[in-house]
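Participant: I'd like to go over a predicted model; first the sequence, then the structure.
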Amino acid sequence: MHPRYGYRRVHWVVVGDGHRTGMCRLRRIYREEGLMVRRRRRERLKIVVRRPMTLPTAPNQRWSMDFVHDQLGDGRRFRVFNVVDDFTRKNVVMRVGTSLPSSCVAEALQQAMQVHGTPEILVCDNGPEFTSLDFMKWAALHRIDVQHIEPGRPIQNAFCESFRDECLNTTWFSSLQEARRRIEAWRTEYAASQLARQSNPKPIRTNLEGCGLAIDPGNPSAWW
């Protein structure tokens, strides 16, 4: 008999062995013998200390990541793991799936790092995928500082919202395969538009300077 069995399961075993006894009697004996099982309390991972966030001044200084949810035409829900470089505004990761646990998060980030390099900071909310022990170990192994936003302050991680407004809210998906295809097409088009803005920032700078604002053309994060 397993030592973690409560009195109810012990009663099932005793009755299954052919002994006739009531549950109340067995519960009294169970208590008298000091066999009460203590409930295990779930230990929550302590979140890192939150620090003020500053604007990045170079690529790979800070990546923002979040999950965006939507549903298919048949009602099935899916989610998109979206990661944006806060300096270049480039979507370095856009993984679509119905279930994306912390292992998929680490795998997607690992693949993106092989192409774009390793970020210094990852900004995210306090979801279970970003606070799990496995993910925190993975980040520590790669010397990445994970900064969680304050609870109830999603505006601190708003770099991923353009994807929702320009793609999800304007597109109808009939299947998961179509969602992957059309989201990847949007990512490619968005990256091309960002590249065009970076190569020709003069019109934006001129309009802002007319309002008395000084904008550094080498810093795309200041254009928004």
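Facilitator: Thanks, I have it. Remember, predicted model here, so these are calculated numbers, not experimental data.

Participant: need phi/psi at residue 132.
Facilitator: With angles defined as degrees, to the nearest 10, residue 132 sits at phi -70, psi 150.

Participant: leaving out the residues flanking it, which one is nearest to it?
Facilitator: residue 102 (4.2 Å; CB to CB, 6 or more residues apart in numbering). From N, CA and C alone the C-beta is placed, and that goes for glycine too.

Participant: neighbours around that neighbour, how many?
Facilitator: Per other CB atoms under 10 Å, the neighbour tally for residue 102 reads 18.

Participant: list the contacts for it?
Facilitator: 128, 129, 130, 132, 134, 135 (CB atoms under 8 Å, 6 or more residues apart in numbering).

Participant: ok, it to residue 137 distance?
Facilitator: Separation of residue 102 from residue 137 (CB to CB, to the nearest Å) stands at 10 Å.

Participant: one step back: can you tell me which of the contacts of residue 102 end up in helices?
Facilitator: Among the contacts of residue 102, the members found in helices (DSSP state H) are 128, 129, 130, 134, 135.

Participant: the closest residue to the third one other than its chain neighbours bridge partners, please.
Facilitator: Which is residue 130. Leaving aside its sequence neighbours, residue 130 sits nearest to residue 124 (CB to CB, 6+ apart; 4.3 Å). Residue 124 has these beta-bridge partners by DSSP bridges: residue 148.

Participant: wait, what's in contact with residue 124?
Facilitator: Contacts for residue 124 (CB under 8 Å, 6+ apart) come out as 64, 65, 66, 130, 146, 147, 148, 149, 157.

Participant: most neighbours among those, which one?
Facilitator: residue 65 leads the contacts of residue 124 on contacts (other CB under 10 Å) with 26 neighbours.

Participant: so it lies in a strand, does it not?
Facilitator: Yes: under DSSP: H, G, I helix; E, B strand; the rest coil, residue 65 sits within a strand.

Participant: contacting residues around the nearest residue to it once chain neighbours are set aside?
Facilitator: In space, and not counting its chain neighbours, residue 65 is closest to residue 83: 4.3 Å by CB to CB, 6+ apart. Shown in contact with residue 83 (CB under 8 Å, 6+ apart): 63, 64, 65, 91, 92, 93, 94, 108, 109, 112.

Participant: could you turn the buried ones of those into a PyMOL selection?
Facilitator: Selection command for PyMOL covering only the buried members of the contacts of residue 83, criterion 16 or more other CB atoms under 10 Å:
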select buried, resi 63+64+65+91+92+93+94+108+109+112
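
Participant: for the spatially most central residue of the chain, report the pLDDT, please.
Facilitator: Per CA atoms, centre = their mean, the C-alpha nearest to the average position across the chain is that of residue 66, at 4.5 Å. Note on residue 66: pLDDT of 88.
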